[in-house]
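Visitor: Need a 3D model of the following:
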Amino acid sequence: MQDSILTTLVLPIALAIIMLGLGLSLKSDDFLRIFKYPKAVTIGLIGQLVILPIIALAIVKIIPMPPAIAVGLIVLALCPCGPSSNMITYLAGGDVALAVTLTVFSSIITIFTIPLFASLAVNSFLGTNAIVSLPIVATMGQIFLITVIPIALGMLIQNRLPELARRLEKATNKLAVGFLVLIIILLVAKEWSKLPGFIVQAGMGVMLLNILGMAAGYAISKLLNLNIAQQICIAIEVGIQNGTLAIAITAGILKDAEMAIPAAIYSLFMYLTGFAVIFYSKNLTSNASEIPSSDLS
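Guide: You can find the predicted model right below:
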């Protein structure tokens, strides 16, 4: 498969399918929770949109890595939480309603934040005369088309044809996983000769971003007295990123396969930590006498 087909066709389709699946699971109430329960939603969004990028910036400053890998890690941190985080939150016994709300709002907000801060990262690490560049307005439009439009379409189907939405949601989830696996295989094949070096250069940064993101989300929500289900949810939502979107931006818009390596490695590693969190959280919740998961205040 040609590299141009991967970046211009397969990546956008994969991401659109993932976001369509998210939209199929949404109801209008998911957008009202930010007004009904502002505390938990605000804490989650700050962790996702502010604290995680700061963690990524600290990692690339401390750990030596090539500029392109550093930009790729920062782009990954700028992306919203991935739809997979909702599934992991459910399996871990976290607050699924809060998880869905955070995924939706972070996906919308990052339409504006990703192009701006990713452009700053490119200029900072690659220089203002770098070959790659990120057109801010055009990038906003592209992210809107492959994220918000499919979410809106999924919500429309959910509202008008709920039974069809339930069937389509299962199919889109399987198809999205298949596309993601294909994308990662093609990226690995393209950079196979450089892969060992990339793992050494990006592996530690990716692991730290994932683990420290989860730890920060959990610590902040615990410090601010959210309940256990909310703590679990925010830890996962801050730590689990939309790796497919990061690959679409780096390999698709920026057209740099090396920048996509952190997201590709992350898309695999996050499931390992996700399963670890599920196991730990089950033990945590089983020891709790009461988990008021429906109260997000």
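
Visitor: only C-alpha atoms for contact and neighbour calcs from this point on.
Guide: Noted.

Visitor: pLDDT averaged over the host helix or strand of Gly23 - what is it?
Guide: Using DSSP states H and E, Gly23 maps to helix 11-24. Mean per-residue pLDDT for helix 11-24: 77.

Visitor: Likewise for stretch 271-286?
Guide: On average, stretch 271-286 scores 75.

Visitor: just stretch 222-235 next, same as before
Guide: The average pLDDT within stretch 222-235 is 91.

Visitor: Now the terminal residues of it, how far apart.
Guide: 10 Å (C-alpha to C-alpha, to the nearest Å).

Visitor: any idea how far that stretch is from the chain center?
Guide: Centre-to-centre, stretch 222-235 and its host chain are 19 Å apart (C-alpha atoms, centre = their mean, to the nearest Å).

Visitor: Met214: what's it in contact with?
Guide: Ile234, Ala235, Ile236, Glu237, Val238, Gly239, Ile240 (C-alpha atoms under 8 Å, 6 or more residues apart in numbering).

Visitor: Kindly recompute the last result at 6 Å.
Guide: Ala235, Ile236, Val238, Gly239 (C-alpha atoms under 6 Å, 6 or more residues apart in numbering).

Visitor: can I get those residues in a markdown table with neighbour count?
Guide: Formatted as a markdown table, the contacts of Met214 follow (neighbours: other C-alpha atoms under 10 Å):
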| residue | neighbour count |
| --- | --- |
| Ala235 | 29 |
| Ile236 | 34 |
| Val238 | 33 |
| Gly239 | 28 |
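
Visitor: ok, so of those, who is nearest Lys61?
Guide: Among the contacts of Met214, Gly239 lies closest to Lys61 (C-alpha to C-alpha), at 19.6 Å.

Visitor: packing partners for the helix or strand Leu102 falls within?
Guide: Assigned by DSSP H and E, Leu102 falls within helix 96-126. Applying 3 or more C-alpha pairs under 6 Å, 6 or more residues apart in numbering; DSSP states H and E, one finds that helix 96-126 contacts helix 67-78, helix 136-143.

Visitor: now the shortest one and helix 11-24, what's the angle there?
Guide: To tie it back to what came earlier, the one meant is helix 136-143. Going by axes from the mean of the first three to the mean of the last three C-alpha atoms, to 10 degrees, helix 136-143 is angled at 60 degrees with respect to helix 11-24.

Visitor: Who are the packing partners of helix 136-143?
Guide: The contact analysis (3+ C-alpha pairs under 6 Å, 6+ apart) places helix 136-143 against helix 96-126.

Visitor: returning to what we had before: so which of the helices and strands packed on helix 96-126 is the most packed in?
Guide: A comparison of the helices and strands packed on helix 96-126 by mean neighbour count, using mean count of other C-alpha atoms under 10 Å, puts helix 67-78 on top with a mean of 27.
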